[in-house]
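Asker: Turn this into a model:
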Amino acid sequence: MSTPAFRPATAMVFAAGLGTRMRPVTDTMPKPLVEVGGRALIDHMLDRLAEAKVGTAVVNVHYKPEQIVRHVAARREPRIVISDESDRLLDQGGGIIKARETLGRAPFLICNTDALWIEGGRGNLDRLTDAGDWWRILHDGPQDAYALPDDDRDFVRAAFDLLPPAPWGHDTFKAWMDQVKAATGRKGKALFLPIRLAITGRPSGPELADLLPLLGPEGMQARRP
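Answerer: Purely as a prediction, here's the structure:
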């Protein structure tokens, strides 16, 4: 059993700006419709959102709004919801407030339509949602109920008894593991996996040496089985 990824289902796409820095190109069209590499700026962003499985994109409009509304009407993914700011440009904070009922209470992505990037390996938005997922684990504790065998549970309890005093830094985890190894005789997977499961609820993830200082003694004791 694994924790569902922290994956926002909704994004706010800012497309209401005046595009003054791109004049005279934007004299006749809003900046999100300026083409780069044969595609409109807004399509580059919406494509990334679709690849990241974002289901709904709230697009705010103000300058020449009818052009953007017409342009995105043909899109199927993500679903487009227009937030009309034709009467008044609200900037980013005001745009979010106006669209808050559609955005909902769950976390959502915010995107500028003039942000372009080249993917390398996994998508950047996937990496972003992974980071949010791990923040939730660090903040709220493991979300998965891994049932450790009795001998592993006893081992983890004994290991937690050997946690060094604060302050903790990047070298704390190695010093702790050296002490646990000497006290229990465990090594390799038998040493690391039960401790990782107790701390994160997952068999893989970021280096525990990086997580330990973020959790601190209080956060670690909250994970004691």
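Asker: can we go C-alpha only for contacts and neighbour counts from here?
Answerer: OK.
Asker: And D130, what's its pLDDT?
Answerer: What the model reports for D130 is a pLDDT of 78.
Asker: Mind checking what secondary structure the residue nearest the centre of the chain has?
Answerer: By Cα atoms, centre = their mean, the chain has its centre lying nearest to T129, at 2.4 Å. Assigned with DSSP: H, G, I helix; E, B strand; the rest coil, T129 falls in the helix class.
Asker: Could you give me the buried positions within the lowest-mean-pLDDT helix or strand in the chain?
Answerer: Lowest mean confidence among the helices and strands of the chain (mean pLDDT, DSSP states H and E): helix 124-140, at a mean of 80. Within helix 124-140, the residues that count as buried by 16 or more other Cα atoms under 10 Å are L125, D126, T129, D130, G132, D133, W134, I137, L138.
Asker: In a markdown table, list those along with distance to R79.
Answerer: Converted to a markdown table, those look like this (distance: Cα to Cα, whole Å):
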| residue | distance to R79 |
| --- | --- |
| L125 | 18 |
| D126 | 19 |
| T129 | 20 |
| D130 | 23 |
| G132 | 23 |
| D133 | 24 |
| W134 | 27 |
| I137 | 30 |
| L138 | 32 |
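Asker: Work out the gap between stretch 16-29 and the centre of the chain.
Answerer: Relative to its parent chain, stretch 16-29 has a centroid offset of 31 Å by Cα atoms, centre = their mean, to the nearest Å.
Asker: can you give me the helices in the protein?
Answerer: Counting by DSSP state H, the chain has helices at residues 41-51, 65-72, 91-98, 100-103, 124-140, 150-161, 172-184, 189-200, 208-221.
Asker: ranking those helices by mean pLDDT, which is last?
Answerer: Within these, the stretch with the lowest mean pLDDT is helix 124-140, showing a mean of 80.
Asker: if we can go back for a sec, please tell me how far the residue nearest to the centre of the chain sits from A9.
Answerer: As judged by Cα to Cα, to the nearest Å, T129 and A9 stand 11 Å apart.
Asker: returning to that earlier point: now the least confident helix or strand of the chain against helix 208-221, angle please.
Answerer: Angle of helix 124-140 versus helix 208-221, following axes from the mean of the first three to the mean of the last three Cα atoms, to 10 degrees, is 30 degrees.
Asker: Only alpha carbons, please: show helix 124-140 as PDB.
Answerer: Presented in PDB, the C-alpha positions along helix 124-140 are these (Å, rounded to 0.1, in the frame of the first residue of the first chain):
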ATOM      1  CA  ASN A 124       9.400  19.300 -13.500                       C
ATOM      2  CA  LEU A 125       5.800  19.500 -12.300                       C
ATOM      3  CA  ASP A 126       6.000  15.800 -11.300                       C
ATOM      4  CA  ARG A 127       9.100  16.700  -9.300                       C
ATOM      5  CA  LEU A 128       7.300  19.600  -7.700                       C
ATOM      6  CA  THR A 129       4.400  17.400  -6.600                       C
ATOM      7  CA  ASP A 130       6.900  14.800  -5.300                       C
ATOM      8  CA  ALA A 131       8.400  17.600  -3.100                       C
ATOM      9  CA  GLY A 132       4.900  18.500  -1.800                       C
ATOM     10  CA  ASP A 133       4.300  14.800  -1.100                       C
ATOM     11  CA  TRP A 134       7.400  14.500   1.000                       C
ATOM     12  CA  TRP A 135       6.700  17.800   2.800                       C
ATOM     13  CA  ARG A 136       3.400  16.200   3.900                       C
ATOM     14  CA  ILE A 137       5.200  13.100   5.100                       C
ATOM     15  CA  LEU A 138       7.700  15.200   7.100                       C
ATOM     16  CA  HIS A 139       5.000  17.500   8.500                       C
ATOM     17  CA  ASP A 140       2.200  14.900   9.200                       C
END
